[in-house]
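Novice: Coordinates for the following, if possible.
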Amino acid sequence: MPLLEHQLRKASAAGIRRVVFATSYRAAMFTEAFGDGSRFGLELVYVTEDEPLGTAGAIRNAAAKLTCDDHSPVVVLNGDILSGHDLVSQVAMHEKSDAAVTMHLTLVDDARRYGAVPTTSEGKVIAFVEKSPKPPTNQVNAGCYVFRRSAIDVIPTGRVVSVEYETFPELLASGETIMGYVEGAYWLDVGTPATFVQGSCDLVLGRMESPAVRPGGGVLFLNGSMVAPEAAVSGGTTVGAGAVVESGATVESSVLFDGAVVERGARVSRSVLGRGARICAGAVVSDAVIGDGAMVGPGNELRDGLRLWPGVQLPETAVRFSADV
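Specialist: This next block holds a predicted model:
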């Protein structure tokens with residue numbers, strides 16, 4: 001299912017009833033996937049940016065479709081995040097503290113890759129430290145905010161604006177309160193093929209709870225998939241509709257889209273196979289992305305983040321590839 005379905009169901013479970021999509025690239029696919037939102041118990045409306053406006057500019061642009069008053073809370077969810085945190089508690093903190101913004105902060109082992117956000121003992125944010133070699137805290141911006149509506153309305157219109165580098169620091173400088181809701185629940189930025197696979201497997205295995213998934217058995221077989229009894233499929237793998245895993249094949253911690261085929265003796269691990277992709281007998285695919293309709297011939301080994309573009313046909317060989325093809 002679309003990644004955003006997990007966010008929509010999380011929002012609905014938290015009592016949200018109206019969602020504004022801030023779209024840009026390939027905007028039409030969102031309406032095709034989600035329609036009016038009625039199947040989630042939501043009203044969905046759509047706003048499209050003609051040119052990307054940045055993380056805050058997108059929020060300001062979407063505000064044109066908000067219907068709440070100036071003091072109401074507005075939840076902002078980044079579309080590429082999987083999070084198990086308690087959204088209801090985050091909103092409750094926001095309303096109790098009368099903050100301009102309440103941010104979800106998650107805890108990481110190494111904050112150097114993220115925006116570190118130190119807070120007081122009461123939870124008030126005191127600074128924003130972006131990607132520092134010596135971060136002052138392991139609390140980092142997790143990409144879920146609750147804004148007071150009036151705080152959105154002061155974001156400049158018609159230009160690129162960053163919420164991390166401009167909006168939040170300016171709110172602090174003006175004396176507004178920004179709260180940090182700290183919760184170390186499951187959290188993943190699903191921004192690369194590797195983390196997409198990780199997120200999918202975590203959902204199937206139940207490490208990340210979602211109202212949209214009922215984990216069980218360690219694998220997910222969609223309707224019409226065919227897996228031979230002598231095949232080994234494990235590690236949170238999803239096998240799409242009409243996909244086939246033949247006898248003697250091994251598939252671990254991977255995502256097989258509809259119609260993908262893994263032939264006898266082939267091995268696939270931590271990878272994505274696109275729609276109609278084929279991994280021929282004896283081939284090895286590890287930490288790779290195989291595009292729609294692509295074929296990996298017998299004897300090939302594709303590893304280390306390789307991406308095989310849609311429709312490419314690799315003939316039988318004995319060469320190991322570790323760069324894009």
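
Novice: And the pLDDT for Gly299?
Specialist: At Gly299, the model reports a pLDDT of 88.

Novice: neighbours of it, just the number please.
Specialist: 17 (other CB atoms under 10 Å). No exception for glycine: its C-beta is placed from N, CA and C like everyone else's.

Novice: just Pro310 next, same as before
Specialist: Neighbours of Pro310 under the rule other CB under 10 Å: 14.

Novice: Taking the centroid of the chain, which residue is nearest it?
Specialist: Asp80 (3.1 Å; CA atoms, centre = their mean).

Novice: Pretty sure it sits against Gly191.
Specialist: Yes - contact criterion CB atoms under 8 Å: Asp80 and Gly191 qualify, at 5.2 Å.

Novice: ok, residues contacting stretch 229-249?
Specialist: 200-205, 218-228, 250-269, 273, 275 (CB atoms under 8 Å, 6 or more residues apart in numbering).

Novice: Please point out which parts of stretch 133-148 sit buried.
Specialist: If you call a residue buried by 16 or more other CB atoms under 10 Å, then stretch 133-148 has these buried ones: Pro135, Thr137, Gln139, Val140, Asn141, Ala142, Gly143, Cys144, Tyr145, Val146, Phe147, Arg148.

Novice: Equivalent analysis for stretch 189-203, please.
Specialist: For stretch 189-203, by 16+ other CB under 10 Å, it's Asp189, Val190, Pro193, Ala194, Phe196, Val197, Gln198, Gly199, Ser200, Cys201, Asp202, Leu203.

Novice: tell me the pLDDT at the first one?
Specialist: The pLDDT attached to Asp189 in the predicted structure is 91.

Novice: if we can go back for a sec, can you tell me which of the buried residues of stretch 133-148 is nearest Pro52?
Specialist: Comparing these against Pro52 with CB to CB picks out Gly143 as the nearest, at 16.8 Å.

Novice: low-scoring stretches of the stretch 151-300 of the chain, by residue?
Specialist: Where the stretch 151-300 of the chain drops to pLDDT under 70, the residues are 215-216.

Novice: 90 - rerun?
Specialist: For the stretch 151-300 of the chain, residues meeting the criterion pLDDT under 90 lie at 158, 164, 184, 191, 209-218, 299.

Novice: Identify the single longest helix in the protein, thanks.
Specialist: Identified as the longest helix of the chain according to DSSP state H is helix 193-205.

Novice: Can you tell me which helices and strands that helix packs against?
Specialist: Contacts defined by 3 or more CB pairs under 8 Å, 6 or more residues apart in numbering; DSSP states H and E place helix 193-205 against helix 3-13, strand 81-83, strand 187-189, strand 255-256, strand 272-273.

Novice: From the chain's centroid, how far away is it?
Specialist: Averaging C-alpha positions (CA atoms, centre = their mean, to the nearest Å) puts helix 193-205 10 Å from its chain's average.

Novice: Stretch 1-18 now?
Specialist: So, by CA atoms, centre = their mean, the centroid of stretch 1-18 is 13 Å from its chain's centroid.

Novice: the inter-axis angle of the longest helix of the chain versus helix 3-13?
Specialist: If you take axes from the mean of the first three to the mean of the last three CA atoms, to 10 degrees, helix 193-205 sits at 50 degrees to helix 3-13.

Novice: Dump the C-alpha coordinates for helix 193-205 into CSV.
Specialist: Extracted in CSV, the C-alpha atoms of helix 193-205 (Å, rounded to 0.1, in the frame of the first residue of the first chain):
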residue,chain,number,x,y,z
PRO,A,193,15.6,2.4,-1.1
ALA,A,194,17.4,0.8,1.9
THR,A,195,15.2,2.5,4.5
PHE,A,196,12.1,1.8,2.4
VAL,A,197,12.9,-1.9,2.6
GLN,A,198,13.6,-1.6,6.3
GLY,A,199,10.3,0.2,6.9
SER,A,200,8.3,-2.3,4.9
CYS,A,201,9.9,-5.2,6.8
ASP,A,202,9.4,-3.6,10.2
LEU,A,203,5.7,-3.1,9.4
VAL,A,204,5.3,-6.8,8.4
LEU,A,205,7.2,-8.0,11.5
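
Novice: quick one: contacts of whichever helix or strand comes after it?
Specialist: For helix 193-205, the following helix or strand on the C-terminal side (DSSP states H and E) is strand 220-221. For strand 220-221, the external contacting residues (CB under 8 Å, 6+ apart) are Val204, Val213, Val227, Gly236, Thr237, Thr238, Val239.

Novice: among these, which are in strands?
Specialist: Judged by DSSP state E, strands contain the following of the contacts of strand 220-221: Val227, Thr238, Val239.
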